[in-house]
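S.K.: sequence and predicted structure are below.
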Amino acid sequence: MTAESAPGFIGRMRAKINRGDSWLTYDLGNLLPGQQIDAAALDDFEDLLLTADLGVAAASKITDTLRREVNAGRIKRADQLRALLRRTLIDMLKPCEAPLEFPEFIKPFVLMGVGVNGVGKTTTLGKIAAKLGAEGRQVYVAAGDTYRAGAVRQLAQWAERGGVQIIEQGQNADAASVVFDAFSAARARGADVLLADTAGRLHTQAGLMDELRKIKRVLQKQEAYAPHEVLLVVDATAGHNALHQAVQFHEAVGLTGLAITKLDGTARGGTVFAIAERLALPIRYIGVGEQLEDLGVFEAEAFVDALLGTAPS
Ligand SMILES: Nc1nc2c(ncn2[C@@H]2O[C@H](COP(=O)(O)OP(=O)(O)OP(=O)(O)O)[C@@H](O)[C@H]2O)c(=O)[nH]1
Ligand SMILES: [Mg+2]
């Protein structure tokens with residue numbers, strides 16, 4: 001994704017995320033009607049964060065910062081509190097801002113998408129493929145979901161839309177051999193990027209988690225550092241479960257990045273803070289809808305401004 005495409009996505013994200021009823025805009029206004037900050041208002045604000053999927057750790061980190069400044073007499077008015085809140089939220093997310101790069105000297109750069117059922121893996125990979133294709137990269141997608149009926153066709157539709165190549169062996173094929181063969185083909189043809197889709201699975205499904213490890217293992221027979229990116233896709237509306245999935249998948253297969261989808265489907269966005277607080281993993285992409293244009297690179301400041309409805313600085 002190029003820098004030029006960012007303003008378009010930011011505008012879209014603002015329209016989709018901040019619908020005027022978010023936990024920050026609507027509720028903060030209600031909490032602070034008199035524009036005077038007191039301890040009770042801050043306690044209420046902490047409760048509000050807890051109901052918004054932030055989790056205890058992230059919620060108390062935010063309110064501790066606000067309390068410290070209010071108690072020290074540096075923050076007196078609601079507008080000052082809002083500015084401090086914005087800064088605090090950006091500081092929390094900043095360490096997770098690390099856009100994925102596809103270095104040209106790694107050919108093919110292999111990205112494997114993983115996650116539980118229905119979170120948006122295939123859609124996200126399809127969007128990434130189309131965007132990279134539009135940038136002139138030679139992209140292959142591997143149909144590594146060989147379980148779900150229709151999974152190969154769904155990926156093929158994205159490949160067609162993005163004008164990229166798909167390597168598939170149909171339903172019920174061995175996923176590891178699909179990805180292995182896709183890597184061979186992509187490398188033989190000098191492709192830049194290989195995106196491997198995988199079937200949805202729960203961390204409790206030991207056989208399926210073994211399959212992911214097997215895909216990694218067979219890739220590493222051909223290229224020691226592949227997959228270069230293991231991208232976990234999580235659904236923001238899953239709240240605490242999304243954080244739980246990230247912890248479990250990280251332990252099982254070793255993640256290098258996250259894509260957080262369906263931020264248009266929640267008026268909260270708190271999941272992003274819970275994940276940032278708990279896991280030191282880059283958030284590569286966020287999804288705010290089903291269309292190609294609804295996937296963008298994660299930028300802490302733009303995201304917080306979209307949530308708060310504040311103007312970008
Ligand atoms: N609203 C919204 N819908 C999304 C987003 N990303 C994906 N979807 C939709 O979520 C549904 C599931 O997406 P898939 O890409 O099929 O999910 P998956 O993880 O590949 O699913 P399985 O392969 O069955 O595990 C589809 O209807 C997508 O269009 C998003 O950011 N916002
Ligand atoms: Mg899928």
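M.R.: Arrived safely. Ligands and ions are numbered 1, 2, ... in the order given.
S.K.: can you give me the helices for the stretch 101-250 of the chain?
M.R.: 121-134, 151-162, 175-188, 206-222, 240-253 (DSSP state H, counting those that start in this stretch).
S.K.: now do the buried residues in the third one.
M.R.: For helix 175-188, the buried set under the neighbour-count rule, 16 or more other Cβ atoms under 10 Å, comprises 175-176, 178-183, 185-187. Every C-beta, even on glycine, is put in place using the N, C-alpha and C of the backbone.
S.K.: same check on the second one?
M.R.: When neighbours are counted by 16+ other Cβ under 10 Å, the buried residues of helix 151-162 are found to be 151-152, 154-155, 158-159, 162.
S.K.: which two in the residues you listed are spaced the farthest apart?
M.R.: Between any two of those, the greatest separation by Cβ to Cβ is 16.9 Å, found for 151 and 162.
S.K.: so where's this structure uncertain?
M.R.: Residue ranges of the chain with pLDDT under 70: 1-7, 18-35, 267-268, 313.
S.K.: domain-wise, how is it divided?
M.R.: The chain is divided into the following domains under automatic domain parsing: 3-96, 109-299.
S.K.: what's the closest of the ones you listed to ligand 1?
M.R.: Taking Cβ to the nearest ligand atom as the measure, the domains of the chain were each checked against ligand 1, and domain 109-299 came out nearest at 2.4 Å.
S.K.: touching ligand 1 at all, stretch 164-180?
M.R.: No. Counting by Cβ under 6 Å from any ligand atom, no contacts exist between stretch 164-180 and ligand 1, the nearest distance being 12.0 Å.
S.K.: would you put the C-alpha positions of that stretch in PDB?
M.R.: What follows is stretch 164-180, C-alpha atoms only, in PDB (Å, rounded to 0.1, in the frame of the first residue of the first chain):
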ATOM      1  CA  VAL A 164      -3.100 -12.100  -9.400                       C
ATOM      2  CA  GLN A 165      -2.300 -15.800  -9.800                       C
ATOM      3  CA  ILE A 166      -3.800 -18.500  -7.700                       C
ATOM      4  CA  ILE A 167      -2.300 -21.900  -7.000                       C
ATOM      5  CA  GLU A 168      -4.800 -24.500  -5.800                       C
ATOM      6  CA  GLN A 169      -5.400 -28.200  -5.600                       C
ATOM      7  CA  GLY A 170      -9.100 -28.100  -4.800                       C
ATOM      8  CA  GLN A 171     -11.000 -29.000  -1.600                       C
ATOM      9  CA  ASN A 172      -9.600 -31.900   0.600                       C
ATOM     10  CA  ALA A 173      -6.000 -31.600  -0.800                       C
ATOM     11  CA  ASP A 174      -3.200 -31.500   1.800                       C
ATOM     12  CA  ALA A 175      -2.800 -27.900   2.800                       C
ATOM     13  CA  ALA A 176       0.900 -28.100   3.300                       C
ATOM     14  CA  SER A 177       1.500 -29.600  -0.100                       C
ATOM     15  CA  VAL A 178      -0.600 -26.800  -1.700                       C
ATOM     16  CA  VAL A 179       1.500 -24.200   0.000                       C
ATOM     17  CA  PHE A 180       4.800 -26.100  -0.800                       C
END
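S.K.: who touches that stretch?
M.R.: Applying Cβ atoms under 8 Å, 6 or more residues apart in numbering, the set of residues contacting stretch 164-180 from outside is 112, 129-130, 132-133, 139-149, 151-152, 155-156, 159, 181-182, 185-186, 191, 196, 198-199, 211, 214-215, 217-219, 221-222.
S.K.: buried ones among those residues?
M.R.: 112, 129-130, 132-133, 139-147, 151-152, 155, 159, 181-182, 185-186, 191, 196, 198-199, 211, 214-215, 218-219.
S.K.: deepest of the domains of the chain, which one?
M.R.: domain 109-299 (a mean of 20; mean count of other Cβ atoms under 10 Å).
S.K.: cheers, nothing more for now.
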